[in-house]
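attaching a predicted model along with its sequence, questions to come.
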Amino acid sequence: MMNKWTVALAATGVVSLASAVLAEEAKSYPVNTALSATTLSGYVDTSAIWNLGTGTSQAARFVNTGSDRQDGFNLNVVKIQLEKPLDEGTWSAGYKAELWAGPDAFGLPGSSFASNLAIKQAYIELRAPVGNGIDLKVGQYDTIIGYEVANSIDNPNFSRSFGFALEPLSHTGVLASYQFTDAVGLAAGVADSATGVINAKSTVESVKTYMAGLTLKAPDSFGFLAGSSLYAGVIDGGKMFKGGIDTVNLYVGASVSTPIKALSLGVAYDYLANGTFKGSYANAFGGYASYQATEKLKLNVRGEYANDSGGVFIGTLKREEVLAATFTADYSLWANVVTRAEFRWDHAADGSHPFNGQRNDFSLAANIIYKF
């Protein structure tokens with residue numbers, strides 16, 4: 001498959017017309033030639049949230065819907081990304097530098113202390129011509145597990161899932177990926193601290209974070225299921241210090257095509273062991289449905305169930321159990337702009353009253369993002 005940069009060049013005719021010119025320029029303008037393969041992209045993410053209940057207490061998901069974002073207007077984050085993707089060469093090299101500025105940046109492990117600036121990703125990408133080609137990421141890279149990602153614009157919903165709250169956000173290390181066939185891919189890596197804080201190393205000698213993920217994709221012969229995918233991943237975080245706890249993440253997720261072309265389904269399961277103390281646990285189940293109602297309107301629904309040994313999702317000190325439902329309408333009004341309206345309901349099924357003395361929390365959100 002052609003990478004995004006190659007496709008962009010081919011679409012504009014640059015690949016066929018400018019190769020000789022680029023070669024000539026390389027003799028006297030090597031810096032300009034290197035930068036000519038770099039793309040600049042990003043977005044500005046804003047929102048307004050109205051909490052329908054009393055107070056602003058929220059279930060733990062991500063900072064973009066935290067208590068400080070309720071009942072008001074918000075600038076969430078400005079993302080700036082510089083990237084030179086891998087090309088078609090056997091010894092190909094590239095890089096990505098993804099930076100966040102704004103309140104959401106404080107939720108990333110790559111942020112400086114009490115700062116609204118963060119390095120989300122910054123890695124060198126290399127391809128080694130072994131078999132079908134081994135792709136390497138060296139530096140700070142996103143986690144390999146999860147149905148949802150940190151960039152809100154790439155998720156079906158504005159608010160994050162309970163499963164997302166259990167997953168590490170990034171790692172500093174080396175990640176290798178290999179595509180055996182169109183249907184089978186494998187990723188494996190080693191990194192420093194499971195917290196993802198840049199250059200944060202365990203005080204126990206040689207203790208590292210280890211991770212692996214397997215992707216299976218349904219071929220064209222599977223009929224309407226063609227293109228459906230199944231993914232499983234594990235991350236062993238290692239101990240940060242002598243006598244510390246070893247966190248373990250397990251994840252299984254699937255995206256499923258249906259006989260109805262406009263409808264797609266997804267499921268996800270997250271498990272976190274030793275997340276808060278030794279012997280602690282947390283489970284999160286999520287179900288997703290997306291329906292392309294019209295060319296401009298897309299409807300997304302997410303249902304969730306989560307439980308834990310205490311203190312993870314709703315802040316109680318005993319076993320927690322919570323249900324949630326999220327409904328998001330995504331309507332394209334302007335070019336390069338994402339405009340979404342979302343209703344979210346969280347329910348404490350364990351009998352507690354964590355939402356300012358209430359068992360239920362309801363919120364409405366508007367999310368507007370400009371992509372560039």
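It's in.

per-domain residue ranges of this protein.
1-37, 38-371 (automatic domain parsing).

return the member of those domains having the minimum mean pLDDT.
Lowest mean pLDDT within the domains of the chain: domain 1-37, at a mean of 40.

on that earlier part again, determine which stretch of the domains of the chain is the most buried.
Ranked by mean neighbour count, the domains of the chain are led by domain 38-371 with a mean of 17 (mean count of other Cβ atoms under 10 Å). Every C-beta, even on glycine, is put in place using the N, C-alpha and C of the backbone.

so Phe106 lies in a strand, does it not?
No. Remark: Phe106 does not belong to a strand; assigned using DSSP: H, G, I helix; E, B strand; the rest coil, it is helix.

got the contact list for it?
63, 114-116, 118 (Cβ atoms under 8 Å, 6 or more residues apart in numbering).

which of these sits closest to Asn356?
Val63 (19.2 Å; Cβ to Cβ).

residues in contact with the closest one?
Contact criterion Cβ under 8 Å, 6+ apart gives 69, 103-104, 106-107 as the residues in contact with Val63.

go again with 7 Å.
Neighbour list for Val63: 103-104, 106-107 [criterion: Cβ atoms under 7 Å, 6 or more residues apart in numbering].

gap between it and Ala118?
Going from Val63 to Ala118 by Cβ to Cβ, to the nearest Å gives 11 Å.

now, among the contacts of Val63, which is nearest to Asp154?
Asp154 has its nearest neighbour among those in Asp104, at 13.8 Å by Cβ to Cβ.

quick one: contacts for the closest one?
Under the criterion of Cβ under 7 Å, 6+ apart, the neighbours of Asp104 are 63-64, 76-77.

next: Ala324.
For Ala324, the residues meeting the contact criterion (Cβ under 7 Å, 6+ apart) are 162, 304, 345-347.

helix/strand/coil for the spatially most central residue of the chain?
Central residue check for the chain by Cα atoms, centre = their mean: the C-alpha nearest the mean position is that of Val149, 1.5 Å away. In terms of secondary structure, Val149 is coil; the call rests on three-state DSSP.

contacts for stretch 144-153 next, please.
Residues lying outside stretch 144-153 but in contact with it, judged by Cβ under 7 Å, 6+ apart, are 43, 45, 64, 79, 108, 120, 142, 155, 158, 160-161, 163-164, 167, 169, 175, 187, 211, 213, 233, 235, 249, 251, 253, 266, 268, 286, 338, 369, 371.

right, and Val234 touches Val252 too?
No. Val234 is not in contact with Val252 according to Cβ atoms under 7 Å; the separation is 9.9 Å.

once you drop chain neighbours, what's closest to Gly133?
Arg127 (5.3 Å; Cβ to Cβ, 6 or more residues apart in numbering).

repeat for Val78
Taking Cβ to Cβ, 6+ apart, and ignoring the residues beside it in sequence, Val78 has Ala101 as its nearest neighbour in space, at 4.7 Å.

measure that neighbour to Tyr288 for me?
According to Cβ to Cβ, Ala101 and Tyr288 sit 30 Å apart.

then Arg61?
15 Å.

out of the contacts of Ala324, which is nearest to Ile314?
Proximity to Ile314 was ranked across the contacts of Ala324 by Cβ to Cβ; first place goes to Asp346, at 8.0 Å.

neighbouring contacts of the host helix or strand of the closest one?
Secondary-structure element containing Asp346, defined by DSSP states H and E: strand 337-348. Contact with strand 337-348 is made by 59, 153, 157-159, 314, 322-331, 333, 354, 359-370, as judged by Cβ under 7 Å, 6+ apart.

those in helices, which ones?
Judged by DSSP state H, the contacts of strand 337-348 include no members of helices.

that's a helix at Phe222, yeah?
Yes. When the secondary structure is assigned by three-state DSSP, Phe222 falls within a helix.

ok, and the closest non-adjacent residue to it?
Nearest non-adjacent residue to Phe222, counting by Cβ to Cβ, 6+ apart: Ser228, 7.2 Å away.

mind listing what the one you found touches?
Shown in contact with Ser228 (Cβ under 7 Å, 6+ apart): 218, 255-257.

from these, which is closest to Asp192?
Proximity of those to Asp192 (Cβ to Cβ) peaks at Ser255, which lies at 30.6 Å.

check which helices and strands the host helix or strand of that closest one sits against.
If you go by DSSP H and E, Ser255 is part of strand 247-257. Using 3 or more Cβ pairs under 7 Å, 6 or more residues apart in numbering; DSSP states H and E as the contact criterion, the secondary-structure elements in contact with strand 247-257 are strand 229-238, strand 263-273.
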